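Peer 1: model the structure of this input:
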Amino acid sequence: ANAGVGREGGGVQAGARERGRGPEGVNKPELLPEGPVVNIIDLEKFLTKGDIKRIDAKLAKLEADTGYKFRVLLQRYPQTPGLAIKDYWGLDDKSIVMIVDRGTSKSGMSNILNFNVGPGVDLSLPPVFFTRLRNFFGNAFYIKENGEDVAINNSIEAIVGCLRNDGFCTDVPQDMKDVKNKKGLF
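Peer 2: From the prediction side, this is the model:
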C-alpha cells in the first residue's frame with residue numbers, strides 16, 4: 001500500500017538536488033510596484049527618478065518599434081519579487097530581463113549583472129553577447145571606477161543599440177568600451 005516507504009536507498013527528495021546550486025527561488029509579488037506596469041523596478045535606489053523615467057520610456061519605445069520586451073529589475077537578494085515578475089511583465093520568447101543585484105556579498109566583489117533571455121532573442125543577441133556584457137560592465141573593477149548607475153545605463157545602451165542598429169551583436173560595441181565615465185574628468 002505504501003510503496004517506497006521504509007525502502008533503503010530511496011531517491012533524492014524532490015528539490016533537494018537543486019537547493020545547493022544557487023539562491024533559493026523567491027516569489028514575493030508584494031514587492032512589485034502598485035499602479036500601471038513599469039519596465040524598470042528599482043528596489044535598491046540604484047538610479048535617480050529621472051534615470052528611471054528616461055529608461056522606462058526608452059524600453060517602451062524599443063518594444064513598440066521592435067517587439068522585444070526589455071525589462072530591468074534592480075534588487076538585493078532575497079529582497080526581490082522573484083518569480084512574480086514573469087506574470088507582472090508578461091514575459092515571452094522575445095523578452096530580456098536584466099537583473100542588477102548587489103547580492104549578499106560584503107566585499108562587493110561579485111558581478112552585479114545577470115540576464116534572463118528568451119529564445120527568440122538568440123538570433124539577434126546570442127548568449128555569448130550577454131556573457132561578455134556582464135563581464136565588461138558588471139565586474140567589481142568597472143563598478144568601482146564608474147559607479148553602479150553608469151554600469152546599468154551603459155548595459156542598457158549596449159543592448160538597445162545592438163537590437164536597434166546592428167540587429168546582431170556578439171560583443172559589447174567597441175565605442176561603448178572606449179567611453180569613460182565623464183564624472184571626475186572635469
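
Peer 1: strands of the protein, residue ranges please.
Peer 2: The residue ranges that make up the strands of the chain, judged by DSSP state E, are 40-42, 69-75, 95-101, 113-117.

Peer 1: got the ones you listed as JSON lines, with mean pLDDT, distance to K49 and mean neighbour count columns?
Peer 2: C-beta: built from backbone N, CA, C; applies to glycine. What follows is the strands of the chain, written out as JSON lines (pLDDT from 0 to 100; distance: least, Cβ to Cβ, whole Å; neighbours: other Cβ atoms under 10 Å):
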{"stretch": "strand 40-42", "mean pLDDT": "96", "distance to K49": "9", "mean neighbour count": "22"}
{"stretch": "strand 69-75", "mean pLDDT": "97", "distance to K49": "13", "mean neighbour count": "23"}
{"stretch": "strand 95-101", "mean pLDDT": "96", "distance to K49": "17", "mean neighbour count": "21"}
{"stretch": "strand 113-117", "mean pLDDT": "96", "distance to K49": "22", "mean neighbour count": "18"}
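
Peer 1: ok, and the closest non-adjacent residue to Q75?
Peer 2: Here the nearest residue to Q75 in space, its sequence neighbours aside, is L43; by Cβ to Cβ, 6 or more residues apart in numbering that works out to 4.8 Å.

Peer 1: helix or strand with the lowest mean pLDDT in the chain?
Peer 2: Using mean pLDDT, DSSP states H and E, helix 16-19 stands out as the lowest-scoring helix or strand of the chain, at a mean of 38.
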